[in-house]
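A.B. asks: what shape does this take:
(chains A and B)
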Protein chains: 2
Amino acid sequence: MDPFVVIGGDAAGMSAASKARREAPDREIVVFERGEWVSYGACGLPYYVKGEIASLDDLVAVSADRFRDERDIDLRTESEVVAIDTAAQTVTVESEGDRYDQSYGDLLIATGASAIEPPIDGIDRDDVLSLHDLPDGRAIRERLESGAVERVAVVGGGYVGVEMAEAFDGQDCTVDLYEMREHVLEPFGPTIATQVEKHLREQGIGLHLGTTVEAIDAGPSVVADERRAVDLVLVAAGVTPNAALAADAGIAIGETGAIATDRLGRTDTDRVYAAGDCAEADHTVTGNPTYVPLALTANRAGRAIGTTVAGDPTPVGPTAGTAVLKAFDLEVARTGVTVPERARAAGFDPASITIDGASRAGYYPGGSKVTIELWGDRASGRVLGASMVGREGVAKRIDPVATALHTDLTATELSRLDLSYAPPFGPTWDPVLTAGKVLASALE
Amino acid sequence: MDPFVVIGGDAAGMSAASKARREAPDREIVVFERGEWVSYGACGLPYYVKGEIASLDDLVAVSADRFRDERDIDLRTESEVVAIDTAAQTVTVESEGDRYDQSYGDLLIATGASAIEPPIDGIDRDDVLSLHDLPDGRAIRERLESGAVERVAVVGGGYVGVEMAEAFDGQDCTVDLYEMREHVLEPFGPTIATQVEKHLREQGIGLHLGTTVEAIDAGPSVVADERRAVDLVLVAAGVTPNAALAADAGIAIGETGAIATDRLGRTDTDRVYAAGDCAEADHTVTGNPTYVPLALTANRAGRAIGTTVAGDPTPVGPTAGTAVLKAFDLEVARTGVTVPERARAAGFDPASITIDGASRAGYYPGGSKVTIELWGDRASGRVLGASMVGREGVAKRIDPVATALHTDLTATELSRLDLSYAPPFGPTWDPVLTAGKVLASALE
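C.D. replies: Numbers count the residues shown, from 1 in each chain, chains lettered A, B, ... in the order given. Alright, predicted model coming up:
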């Protein structure tokens, strides 16, 4: 049998290769990675920049040598796949000036995503950086360690923008954050985002909402609501799937711009799979293709595809877009559909309620507020999604809601779950249950 | 219509009365409480004893006066119901030497539970206390504040025993804890209990496992593996339902010894309901009647019955026995069926796996181990229950498993849930997902 070939050596690709190795010990497995690093935790980069993680090596889950030596995977770093011939079942590889073809029996495209470059004059200046991979992280930290960075502008108020605002603040920089929308953290909704914004301001972050950065002049100097001279600009405007290689090979791209896949992670092309930040996944709530470039989605899909190519067809599983981030002293979490336009587009009649709960029993010292916005569908009573924020007890409190979405629970059913209770960890009625009760009434 | 009469003014009773008031504004509602306190958080008592909560009043969720004045509930404290006549639909009440009958249209028995008194010689001595209600808590704290208590023996290693060991330790007492079984925290299983025991010993608790207390002599002095002179003995040997009043009235008692109820919380007797620590509930996993005297079970059932008697039949909902406790620096949580004999009795073919996960990404500072034992059924692949322990991130990590039990998820389905991930809060594959994967393999 021709080998299982994987394009891309990060979460999806290495998960697939490792799982295929375990399930099919005798099969040849070849992974092409255009960069130097494989299987690294990009989510840890803000904490590396902040100085809480000593070395980039700490972010590498499994080294390239271990994949080669212990898992018997033919991992070829600094080897870029530049073309796929789906008829011949070959990929064309460029490496150190050489160019060669490699045939495949099964092919996984796990080419990841790239940082979006917004159309801003001067974005290609030397003092404008992004944070997408380990070399990016190293470049930023080297600038910080050079001592020449005191003022930073962060362009974009998504996960990475907010996490990096904290990272730069932790390195004693003055931070201004620019978001062109009215709120940061768009997937969390304005109710929760407003609390995060208040907290960011309390931490000393200069927040410029509804503010488009028009240009970055020499200096550098950010031209937006006013002109601001800084030492470094970080652009965190989101990511875009690396789908061109697939598109050039005639493989179908979905409406989101990522590679279209079915429930087994297969593209429209025989023997070709796609997973991770370059691929679509089905949404747990809407059932529609969605683009959720997050680590668990990539790992799960890779692992499932590794099982499938070894002969045991395994669904990659839907994604609810569950996410959590730390924003200074806050935990901010979300799952499901929390944007009404998206709910309506999927055929739902959405409504939401917001409650303030508590992280501990009222009489137990040290508790703090937990705010939950919970979304449901008036027609079916189903829970559609949730956003939460608080100083503790939020990160894992989103998980019962994510689980409820997986099985289409109604708000009433959510309110009747037997969730854990003890005074140090919550009130008798967990805030999730209270939100379920209030939503059930609102949907009636 | 004759009034809605409630016997017992704590969690189940007052939840029912309050909900019935909201749903049926014009109905007469009478609550009889034999004690002085109503609607109090007994779960907070260990922290009151420890000194972290200043006043017993802090534990009262809603005062008696507020029930009377703001909720228009005819709440009669220090009024004990001594008989129920289900044919005449009356209860007989004793209060301040008077005795009278009160007719009911609907009756809720919410008489709670009492501390079990194990058959130990000398258990009725003055220096032997239990902790079940607010006066118990006051009595213990008064002893501590008198300064005459330096050495304490705790008899029983369940939730209350472990929490009280921490409370006495926090009051600078030397604590010895006696458990007649081989392990503390029986509903959590030996794997998790063993970690708790190690931690208790590290905190300086003298742990006497598999040790029956034979007598409490004058002094007092505990006679067990050896004779130990102490200043105070706390007996925490569990609770037994207060079901005699119902039994005397001919109302059916279940095999657990608690009052038998159906899905609406009705007893076998027309117009008579039971809820809380005196009543059975259906188990989420087995579907069988079970006895789970915990706060949320009581609150949920009371609220549902309040809705039902107001004309909208509402299930009390099953209980999974979800529970969490703080044991010094550990969080210990459980849900579902985690005792193999009980699983087999319910027709399952149980198996369990144990994994060590982490509370944060491996490279993120400050994380700690999270151990999960996950139980499943070999025949169906279903998840049956889980126990967990760790220094952080455990209390709410049990909730997605509790939610999964509610909808009969298999281990494979559990492993594919889209749970939250960020480096400060867990690894990419949450320990719950890893446990699901390992269990799914073990059940194959």
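
A.B. asks: name the helix or strand for A:Ser387, please.
C.D. replies: With elements taken from DSSP states H and E, the one containing A:Ser387 is strand A:383-390.

A.B. asks: put the alpha carbons of that strand into CSV.
C.D. replies: Output in CSV follows, covering the C-alpha atoms of strand A:383-390 (Å, rounded to 0.1, in the frame of the first residue of the first chain):
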residue,chain,number,x,y,z
VAL,A,383,-30.1,25.7,24.3
LEU,A,384,-28.0,27.3,21.5
GLY,A,385,-24.9,28.6,23.3
ALA,A,386,-23.5,30.4,26.3
SER,A,387,-20.9,33.0,27.2
MET,A,388,-19.5,33.5,30.7
VAL,A,389,-17.1,35.7,32.5
GLY,A,390,-15.8,35.8,36.1
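
A.B. asks: what about it, near chain B?
C.D. replies: No - remark: strand A:383-390 sits outside contact range of chain B, by Cβ under 8 Å from any Cβ of the partner chain, the gap being at least 9.9 Å. For every residue, glycine as well, the C-beta is placed using N, CA and C.

A.B. asks: list the strands paired with that strand, with their directions.
C.D. replies: strand A:330-336 (antiparallel), strand A:369-377 (antiparallel) (DSSP bridges).

A.B. asks: ok, then the element right after it?
C.D. replies: Helices and strands here follow DSSP H and E; after strand A:383-390, the next one along the chain is helix A:399-406.

A.B. asks: helices and strands around that next one, which ones?
C.D. replies: Under the contact criterion of 3 or more Cβ pairs under 8 Å, 6 or more residues apart in numbering or on different chains; DSSP states H and E, helix A:399-406 touches strand A:330-336, strand A:383-390, helix A:411-415, helix B:398-406.

A.B. asks: show me what counts as buried in the strand holding A:Ser387.
C.D. replies: A:383-390 (16 or more other Cβ atoms under 10 Å in any protein chain shown).

A.B. asks: circling back: what would the strands paired with strand A:383-390 look like in CSV with mean neighbour count and mean pLDDT?
C.D. replies: Shown next, in CSV, are these (neighbours: other Cβ atoms under 10 Å in any protein chain shown; pLDDT from 0 to 100):
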stretch, mean neighbour count, mean pLDDT
strand A:330-336, 27, 98
strand A:369-377, 24, 98
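
A.B. asks: can you lay out those strands as JSON lines showing distance to B:Gln171?
C.D. replies: Conversion of the strands paired with strand A:383-390 to JSON lines gives the following (distance: least, Cβ to Cβ, whole Å):
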{"stretch": "strand A:330-336", "distance to B:Gln171": "33"}
{"stretch": "strand A:369-377", "distance to B:Gln171": "30"}
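
A.B. asks: ok, which of these comes nearest A:Cys278?
C.D. replies: Nearest to A:Cys278 among those is strand A:330-336; the distance by Cβ to Cβ comes to 22.8 Å.

A.B. asks: put the alpha carbons of the helix or strand following that closest one into PDB.
C.D. replies: Later in the chain than strand A:330-336, the nearest helix or strand by DSSP H and E is helix A:340-345. Output of helix A:340-345 as PDB, limited to C-alpha atoms (Å, rounded to 0.1, in the frame of the first residue of the first chain):
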ATOM      1  CA  PRO A 340     -28.300  36.100  16.900                       C
ATOM      2  CA  GLU A 341     -27.700  36.600  13.200                       C
ATOM      3  CA  ARG A 342     -25.900  33.300  13.000                       C
ATOM      4  CA  ALA A 343     -28.700  31.600  14.900                       C
ATOM      5  CA  ARG A 344     -31.300  33.000  12.600                       C
ATOM      6  CA  ALA A 345     -29.300  32.000   9.600                       C
END
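
A.B. asks: helix A:340-345 - contacts with which helices or strands?
C.D. replies: strand A:350-358, strand A:369-377.

A.B. asks: list the buried ones in the first one?
C.D. replies: Under the neighbour-count criterion of 16+ other Cβ under 10 Å, strand A:350-358 has A:350-353, A:355, A:357-358 buried.

A.B. asks: before we move on, what about stretch A:40-57?
C.D. replies: Result for stretch A:40-57 [16+ other Cβ under 10 Å]: buried residues A:40-50, A:52-53, A:56.

A.B. asks: tilt between the strand holding A:Ser387 and strand A:350-358?
C.D. replies: 30 degrees (axes from the mean of the first three to the mean of the last three Cα atoms, to 10 degrees).

A.B. asks: could you tell me the angle between strand A:383-390 and helix A:399-406?
C.D. replies: 170 degrees.

A.B. asks: looking at strand A:383-390 now, give me its mean pLDDT.
C.D. replies: Averaging pLDDT along strand A:383-390 gives 98.

A.B. asks: again with stretch A:284-303
C.D. replies: 96.

A.B. asks: just give the closest residue to A:Arg391, not the sequence neighbours.
C.D. replies: A:Ser368 (4.2 Å; Cβ to Cβ, 6 or more residues apart in numbering or on different chains).

A.B. asks: typo on my end, A:Glu179
C.D. replies: Nearest to A:Glu179 is A:Gly157, by Cβ to Cβ, 6+ apart, at 3.3 Å.

A.B. asks: wait, a strand at that neighbour?
C.D. replies: No - checked against DSSP: H, G, I helix; E, B strand; the rest coil, A:Gly157 lies outside a strand; its state is coil.

A.B. asks: what about it, neighbour count?
C.D. replies: When neighbours are counted by other Cβ atoms under 10 Å in any protein chain shown, A:Gly157 registers 29.

A.B. asks: what of A:Asp101?
C.D. replies: Under the neighbour criterion other Cβ under 10 Å, A:Asp101 is assigned a count of 11.

A.B. asks: show me chain A divided up by domain.
C.D. replies: A:4-35+A:77-114+A:240-310, A:117-235, A:329-443 (the TED database).

A.B. asks: dump the ones you listed into CSV; add distance to B:Thr90 as well.
C.D. replies: Below are the domains of chain A laid out as CSV (distance: least, Cβ to Cβ, whole Å):
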stretch, distance to B:Thr90
domain A:4-35+A:77-114+A:240-310, 52
domain A:117-235, 51
domain A:329-443, 32
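
A.B. asks: closest to B:Ala440 out of these?
C.D. replies: Nearest to B:Ala440, of the domains of chain A and by Cβ to Cβ, is domain A:4-35+A:77-114+A:240-310 at 11.4 Å.

A.B. asks: what does the stretch 251-400 of chain A put close to chain B?
C.D. replies: A:284, A:294-297, A:299-300, A:315, A:317-326, A:331, A:333, A:335, A:361-365, A:393, A:395-400.

A.B. asks: run the last query once more with 6 Å
C.D. replies: A:295-296, A:299, A:317, A:319-320, A:322, A:324-326, A:333, A:363, A:365, A:395-400 (Cβ under 6 Å from any Cβ of the partner chain).
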